[in-house]
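K.L.:
No letters, just coordinates:
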DNA sequence: AACGTCGTTCCGCAAGGCGGAACGGAAGGG
DNA sequence: CCCTTCCGTTCCGCCTTGCGGAACGACGTT
């Protein structure tokens, strides 16, 4: 019953470091300084430097003269392949939901780190356009999509998230305490959908349904409305349509 | 002058393995079996399995019940961020080129492994649409974009590429011998652009200009025309416009 | 001129991970 | 029905791989 000479490790520590660095690099969008990347990915400076050298050699990153690093061709190629593989089928589900929702703006968002990223968007057919864009990030605690994702977390995970990311107020309606967030998420779990009542942006009200297998949503579909033209009840009436679309998307992502 | 006890390694062997696996996973698009992935990424089965476990834990991959692995949410989120960061500026350059080229179809392709991937496309405004799609792959030796990329390779690199990938005939016009390819690429380097004279698809003629710093292009912009409606001279007259667009794109990608 | 901060390099030390071999189960063929 | 084959998965000995504190030279600022 003796321990081996040293503890067996074999966790993917090195791989995880590389993934964190790639995420940090891509999240930036524009070329970043080494020190910033190292900080963002929680790596020591030499480690970040060595990993970036490998990424640069493999064309995943490009090194500039000023010591900055940007996203490289190989990463762009991979991104294009990933993005296009499910584009049509996802867009058709979203377009279908939009037609049921009277032409409102539809988003599909996925968790990335402690934020969400829009991966798909169908513009509303009504007059006003939303400023959101595919690839842009939003907080989790103040958006309907984010709340669907947080609703799948355990209690300690949620507390850790709140401690890391903070619950920054975006509007006067934003939920900013862990207790209130917990209660809200319990409601989300019960109903199977989440509502953002001007919590992320004034005069914008959203409803989202969780996408992902089991209680652990990795993303969500949302319907966004403007308070001037669409009432709360009108939006809530679409909750079943949103849930149906979410179920179809969950199957698409297997 | 003695060697250290063991050779200093510190190449990024582990990181490279992970990158190869990610590329193989994303290239597939649909869920893949472990053995196929291991073969595609040139990894041993246990190594592929261990790396995939890490990817799955980090949400970069999703493991299905049948032992297949698909692209995960984290990868989708990163892909969305990468794709959107430069979308507008790239599309505006391509649209500008299109307007100079009389509404022909425009592609931006990037090398990925021994193939190219379309990362951007502007549909032609003329009647016939091309079957190509963003995210789809094409051979390097039979396309104008691919020849721009190959023209940046050294002689031994080119020979290695030909040995690995082969020079498969796509049409009767396809260049299928290394010698002929070498001569063709010398012409590309001299002129600063490449032409695909129905070498990849019958009745399709393309012209491409290399994108990328120095002689080493990592991608290229192309103008695609149909032989029925557009003559060869007409296409060649656009070579300077293509080169100008390529230069602007090179700056965008820093 | 002294300082802080940057990117980069070096190298001691052991953590991390590679992969041959083995296992259990599913699929297919006799 | 058993036997074969190929799958995904696990184990563990061996040793490559790579982490990161420290040091360095180059800038830019105070």
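P.N.:
Cool, got the structure. Remember, predicted model here, so these are calculated numbers, not experimental data.

K.L.:
For the stretch 51-200 of chain A, which residues are neighbours of DNA strand D?
P.N.:
Within the stretch 51-200 of chain A, the positions adjacent to DNA strand D are residue A:51 by Cβ under 7 Å from any atom of the strand. (Each C-beta comes from the backbone N, C-alpha and C, glycine too.)

K.L.:
Which positions in the stretch 51-200 of chain A make contact with chain B?
P.N.:
Residues of the stretch 51-200 of chain A found near chain B (Cβ under 8 Å from any Cβ of the partner chain) are A:51, A:53-55, A:57-60, A:62, A:64, A:70-85, A:87, A:110-112, A:117-119, A:133-137.

K.L.:
Now, these that are in helices?
P.N.:
Judged by DSSP state H, these include A:51, A:53-55, A:57, A:73-85, A:87 as members of helices.

K.L.:
Mind giving me the PyMOL select for these, buried ones only?
P.N.:
To isolate the buried members of those in PyMOL, using 16 or more other Cβ atoms under 10 Å in any protein chain shown:
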select buried, chain A and resi 51+53+54+55+73+74+75+76+77+78+79+80+81+82+83+84+85
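
K.L.:
these two touch, right, residue A:55 and residue A:21?
P.N.:
Yes. If you go by Cβ atoms under 8 Å, residue A:55 and residue A:21 touch, sitting 7.5 Å apart.

K.L.:
Any stretches of the stretch 1-150 of chain A with poor pLDDT?
P.N.:
Residue ranges of the stretch 1-150 of chain A with pLDDT under 70: A:1-8.

K.L.:
now swap in the stretch 151-254 of chain A and tell me
P.N.:
Judged by pLDDT under 70, no stretch of the stretch 151-254 of chain A qualifies at all.

K.L.:
Find the closest residue to DNA strand D in it.
P.N.:
Per Cβ to the nearest atom of the strand, residue A:254 is where the stretch 151-254 of chain A lies closest to DNA strand D, at 14.6 Å.

K.L.:
That residue: what's its closest spatial neighbour, skipping adjacent residues?
P.N.:
Leaving aside its sequence neighbours, residue A:254 sits nearest to residue B:70 (Cβ to Cβ, 6 or more residues apart in numbering or on different chains; 5.4 Å).

K.L.:
just residue A:117 next, same as before
P.N.:
Using Cβ to Cβ, 6+ apart and skipping the chain neighbours, the partner closest in space to residue A:117 is residue B:77 (4.2 Å).

K.L.:
How about residue A:124?
P.N.:
Spatial nearest neighbour of residue A:124, excluding adjacent residues (Cβ to Cβ, 6+ apart): residue A:105 at 3.8 Å.

K.L.:
so who does the one you found touch?
P.N.:
For residue A:105, the contacting residues are A:98, A:121-124, A:129-130, A:132, A:223-225, by Cβ atoms under 8 Å, 6 or more residues apart in numbering or on different chains.

K.L.:
how about those in JSON lines, adding neighbour count, distance to residue A:34 and secondary structure?
P.N.:
Shown next, in JSON lines, are the contacts of residue A:105 (neighbours: other Cβ atoms under 10 Å in any protein chain shown; distance: Cβ to Cβ, whole Å; DSSP: H, G, I helix; E, B strand; the rest coil):
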{"residue": "A:98", "neighbour count": "20", "distance to residue A:34": "43", "secondary structure": "helix"}
{"residue": "A:121", "neighbour count": "22", "distance to residue A:34": "33", "secondary structure": "strand"}
{"residue": "A:122", "neighbour count": "21", "distance to residue A:34": "39", "secondary structure": "strand"}
{"residue": "A:123", "neighbour count": "12", "distance to residue A:34": "38", "secondary structure": "coil"}
{"residue": "A:124", "neighbour count": "20", "distance to residue A:34": "41", "secondary structure": "coil"}
{"residue": "A:129", "neighbour count": "9", "distance to residue A:34": "38", "secondary structure": "coil"}
{"residue": "A:130", "neighbour count": "15", "distance to residue A:34": "36", "secondary structure": "coil"}
{"residue": "A:132", "neighbour count": "17", "distance to residue A:34": "31", "secondary structure": "coil"}
{"residue": "A:223", "neighbour count": "28", "distance to residue A:34": "42", "secondary structure": "strand"}
{"residue": "A:224", "neighbour count": "26", "distance to residue A:34": "38", "secondary structure": "strand"}
{"residue": "A:225", "neighbour count": "23", "distance to residue A:34": "44", "secondary structure": "strand"}
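
K.L.:
which ones are touching the residue in the stretch 101-250 of chain A positioned nearest to chain B?
P.N.:
Of all residues in the stretch 101-250 of chain A, residue A:135 sits closest to chain B, at 2.6 Å by Cβ to the nearest Cβ. By Cβ under 8 Å, 6+ apart, the residues touching residue A:135 are A:29, A:117-119, B:80-85, B:87.

K.L.:
could those residues be laid out in a markdown table, adding distance to residue B:177?
P.N.:
Shown next, in a markdown table, are the contacts of residue A:135 (distance: Cβ to Cβ, whole Å):
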| residue | distance to residue B:177 |
| --- | --- |
| A:29 | 43 |
| A:117 | 47 |
| A:118 | 48 |
| A:119 | 44 |
| B:80 | 42 |
| B:81 | 42 |
| B:82 | 37 |
| B:83 | 37 |
| B:84 | 42 |
| B:85 | 41 |
| B:87 | 39 |
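
K.L.:
re the thing from before, give me the spatial nearest neighbour of the residue of the stretch 101-250 of chain A closest to chain B, chain neighbours excluded.
P.N.:
Once flanking residues are discounted, residue A:135 sits nearest to residue B:84: 2.6 Å by Cβ to Cβ, 6+ apart.

K.L.:
Domain map for chain A?
P.N.:
A:13-77, A:86-252 (automatic domain parsing).

K.L.:
what about the strands in the stretch 151-254 of chain A?
P.N.:
Secondary structure of the stretch 151-254 of chain A (DSSP state E, counting those that start in this stretch): strands at A:194-197, A:204-211, A:219-226.

K.L.:
Now distance to DNA strand C too, for these, in a markdown table please.
P.N.:
Formatted as a markdown table, the strands of the stretch 151-254 of chain A follow (distance: least, Cβ to the nearest atom of the strand, whole Å):
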| stretch | distance to DNA strand C |
| --- | --- |
| strand A:194-197 | 37 |
| strand A:204-211 | 28 |
| strand A:219-226 | 28 |
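
K.L.:
Nearest to residue A:168, out of these?
P.N.:
strand A:194-197 (14.6 Å; Cβ to Cβ).

K.L.:
about what we covered before: which of the domains of chain A sits closest to residue B:142?
P.N.:
The closest of the domains of chain A to residue B:142 is domain A:13-77. By Cβ to Cβ, the value is 18.1 Å.

K.L.:
end to end, how far does that closest one reach?
P.N.:
Its first and final residues considered, domain A:13-77 spans 26 Å by Cα to Cα, to the nearest Å.

K.L.:
which residue sits closest to residue A:58, ignoring its sequence neighbours?
P.N.:
Sequence neighbours aside, residue B:19 is the residue nearest to residue A:58 in space, at 5.5 Å (criterion: Cβ to Cβ, 6+ apart).

K.L.:
can you pull the contacts of residue A:182?
P.N.:
A:155, A:158.

K.L.:
Likewise for residue A:195?
P.N.:
A:144, A:205-208, A:235-236.

K.L.:
cutoff 7 Å now
P.N.:
Contacts for residue A:195 (Cβ atoms under 7 Å, 6 or more residues apart in numbering or on different chains) come out as A:144, A:207.

K.L.:
about what we covered before: who is the residue nearest to residue A:254 paired with across the strands?
P.N.:
residue B:62 (DSSP bridges).

K.L.:
Any idea how many residues pack against it?
P.N.:
Residues near residue B:70, counting by other Cβ atoms under 10 Å in any protein chain shown, number 21.
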